[in-house]
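**Student:** what shape does this take:
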Amino acid sequence: GTLLVFDEVKTGITSGWGGATGALGVTPDLVALAKSIGGGLPLGAFGGKREYMDTITNGQVVHLGTYNGNPLCMAAAKAVLREVCTREATQAAIDLNTKLVEECTGVIDRAGVDANVVQFGAKGCITWSREPIQNYRDYKATDFDLAYAQWIHGINRGILLPPGLDEQWLISIMHGEAETLNYANIFQEFVDELLV
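**Tutor:** Next up is the predicted model:
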């Protein structure tokens with residue numbers, strides 16, 4: 001008996017309303033969630049198949065924590081799931097991200113640069129590699145100097161992305177088409193400057 005556990009701390013709602021489990025069509029034995037379901041509050045959650053969760057409710061496994069069931073965090077999670085990150089709003093963010101991915105892919109194709117765009121739900125990134133990344137070795141072989149230059153270029157033009165070069169963007173339900181496509185325009189400027 002090995003259990004299949006999905007860590008959806010980063011994929012949660014961002015990969016689809018049903019998380020990565022729904023997007024990939026896989027039902028794990030247990031799933032861990034956080035961030036996106038907390039509405040900005042510190043929240044972690046886990047759940048799973050009844051046979052495994054019953055080990056907690058029947059006392060076979062002890063699960064304790066200072067903030068377990070915190071009313072404020074639970075109310076925030078309920079509001080996020082019922083009123084904010086609805087199926088429709090989540091899908092709209094994913095659709096907008098698909099449009100951004102298409103725009104950036106077009107920039108890469110027209111310029112003929114060694115780069116690829118990766119998408120998973122509402123998240124995406126540009127990798128500076130000839131071939132799409134399939135594993136960690138491929139990722140480590142990307143051109144991190146170009147990735148860093150693109151990151152600095154974006155910061156200097158108002159695109160504030162996380163400093164880690166492996167997770168560039170997340171389209172939230174608050175982003176509109178203008179903000180999203182601004183990224184594609186600034187990426188086009190960067191590629192144009194590379195080719196000068």
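
**Student:** next up, the contacts around I173.
**Tutor:** Residues near I173 by Cβ atoms under 8 Å, 6 or more residues apart in numbering: V84, C85, A89, T90, A92, A93. (Each C-beta comes from the backbone N, C-alpha and C, glycine too.)

**Student:** could I get the phi/psi values of the closest residue to the second one other than its chain neighbours?
**Tutor:** Nearest-residue entry for C85: I13, 4.9 Å, with adjacent residues in sequence omitted and distances by Cβ to Cβ, 6 or more residues apart in numbering. Its backbone dihedrals place I13 at phi -70, psi -20, with angles given as degrees, to the nearest 10.

**Student:** wait, isn't I13 in contact with R87?
**Tutor:** No - applying Cβ atoms under 8 Å as the test, I13 and R87 come out as separate, 9.9 Å apart.

**Student:** neighbour-wise, which of those two wins?
**Tutor:** I13 (25 against 11; other Cβ atoms under 10 Å).

**Student:** contact partners for that one?
**Tutor:** Applying Cβ under 8 Å, 6+ apart, the residues near I13 are G19, S36, I37, V80, C85, T90.

**Student:** that one and L194: what is the separation?
**Tutor:** Going from I13 to L194 by Cβ to Cβ, to the nearest Å gives 35 Å.

**Student:** what of G25?
**Tutor:** 39 Å.

**Student:** okay, those two: which has more neighbours?
**Tutor:** Each of G25 and L194 has its neighbours counted (other Cβ under 10 Å); L194 has more, 14 against 8.

**Student:** model confidence for the closest residue in space to P132 that isn't next to it in sequence, exactly?
**Tutor:** Leaving aside its sequence neighbours, P132 sits nearest to N116 (Cβ to Cβ, 6+ apart; 4.7 Å). As predicted, N116 sits at a pLDDT of 96.

**Student:** mind listing the residues bridging to N116?
**Tutor:** T127 (DSSP bridges).
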